[in-house]
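> got a structure for you, letters missing:
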């Protein structure tokens, strides 16, 4: 079974080598690696070409292409056009996969086939690495995947494998979203009702949150408006979906909670002028879903205010409360 790994690259000449080496080290073959230079201005394209020249083989097919529309979504779509594998992994250019990752995916796929089940998506564990060198597991849940993706980004770029034909049916990446594009596409994957499996055991994906050179970045206020736009799009997608009404209401509430989390982040970064109106917007939208009833007034509203203060002060664990509250 051929697997395709797709990696967009923009000005990552200094760091992409570690990512490429982690793909090369995968024990599974045949493997296709599609590298998309997203109009880099450094030596990234040459690094990619040199890697292909050094490692191309009959069972390790390296494709190097380019995309001038400067968003990761556009680059990933360009890479997907070149994909020939039955299953696809999207990956970022500053992260690493442990050598057994793809083999573990294949084992799950084949085991499912032997049981007569056709999987569409596999969610895997991952580890986050922070600027101070500390690490922690990214949230991973086998239940309530919809909610846990909205709250924790469980289907972030590096955290899943997807059947190529299934992904093709979901319209691909939104090329106009420079931020949180993986969060948005993850929601659309779930709205398409995939048959999902989960990779247990230890984490096999290392995600770099290690400072300003990380794709993730270090702050939110400088790109205010872009994050909010993604939340607005996702609310529309939930409303237009075939979900039951009660699920639509719940997921809209969780998206407004994420808006409030964003406001709290602005507050924490020292920008109350951004935080206050955004928090008020989220609070009003939540209130509207409850109709200002007794549950809202006596439970949800006061807890929501406390959650905002908790997040703004840097405390963790609020998402677990939100999943139950909303």
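Done, it's in. Bear in mind the structure is a predicted one, so any value in this text is a computation, not a measurement. Residues are numbered from 1 along each chain as shown.
> quick one: low-confidence parts of this protein?
Scanning the chain for pLDDT under 70 picks out 210-218.
> Quickly note the distance from the residue of it most remote from its centre to residue 325.
What lies farthest from the middle of the chain is residue 294; by Cα atoms, centre = their mean that is 36.0 Å. Shown here: residue 294 relative to residue 325, a distance of 15 Å by Cβ to Cβ, to the nearest Å. C-beta: built from backbone N, CA, C; applies to glycine.
> what do you get for residue 152?
Counting by Cβ to Cβ, the gap from residue 152 to residue 325 is 16 Å.
> repeat for residue 125
For residue 125 relative to residue 325 (Cβ to Cβ), the value is 26 Å.
> Please apply the same query to residue 44.
From residue 44 across to residue 325, the span is 44 Å (Cβ to Cβ).
> Kindly report the same for residue 25.
Taking Cβ to Cβ, one finds residue 25 at 43 Å from residue 325.
> Can you get me a residue count around the residue nearest to residue 62 when sequence neighbours are not counted?
Spatially, and ignoring its direct neighbours in sequence, residue 62 is nearest to residue 52 (4.1 Å; Cβ to Cβ, 6 or more residues apart in numbering). Neighbours of residue 52 under the rule other Cβ atoms under 10 Å: 17.
> check contacts around residue 52.
Contact analysis of residue 52 by Cβ atoms under 8 Å, 6 or more residues apart in numbering lists 35, 62, 63, 64.
> Go through these and give me the one with the most neighbours.
Using other Cβ under 10 Å as the neighbour test, these are led by residue 35, with 29 neighbours.
> Distance from the chain centre to the helix or strand hosting it, please.
For residue 35, the host element (DSSP states H and E) is strand 31-37. Per Cα atoms, centre = their mean, to the nearest Å, the displacement of strand 31-37 from the mean C-alpha position of its chain is 19 Å.
> go on, stretch 20-31?
On Cα atoms, centre = their mean, the centre of stretch 20-31 falls 22 Å from the chain's centre.
> what's the span of it from first residue to last?
Terminal residues of stretch 20-31 are spaced 13 Å apart (Cα to Cα, to the nearest Å).
> Next, residue 199: phi, psi?
When read as degrees, to the nearest 10, the backbone of residue 199 gives phi -90, psi 110.
> just checking, it touches residue 108?
Yes: applying Cβ atoms under 8 Å as the test, residue 199 and residue 108 come out as touching, 6.2 Å apart.
> Which residues are in contact with each of those two?
Going by Cβ under 8 Å, 6+ apart, residues that sit against residue 199 and also against residue 108 are residue 122.
> what about the two, which has more around it?
residue 199 (21 against 17).
> For that one, give the beta-bridge partners.
Beta-bridge partners recorded for residue 199 (DSSP bridges): residue 124.
> residues contacting it?
Residue 199 makes contacts with 104, 105, 108, 122, 123, 124, 125, as judged by Cβ under 8 Å, 6+ apart.
> Just the buried ones from those?
Among the contacts of residue 199, those scoring as buried are 104, 105, 108, 122, 123, 124, 125 (criterion: 16 or more other Cβ atoms under 10 Å).
> Give me the contact list for the helix or strand hosting residue 77.
Applying DSSP H and E as the criterion places residue 77 in helix 72-82. Residues from elsewhere that reach helix 72-82 (Cβ under 8 Å, 6+ apart): 6-10, 34-36, 38, 63, 65-67, 69, 88, 90, 92, 164, 167-168, 172-178, 181, 185, 215.
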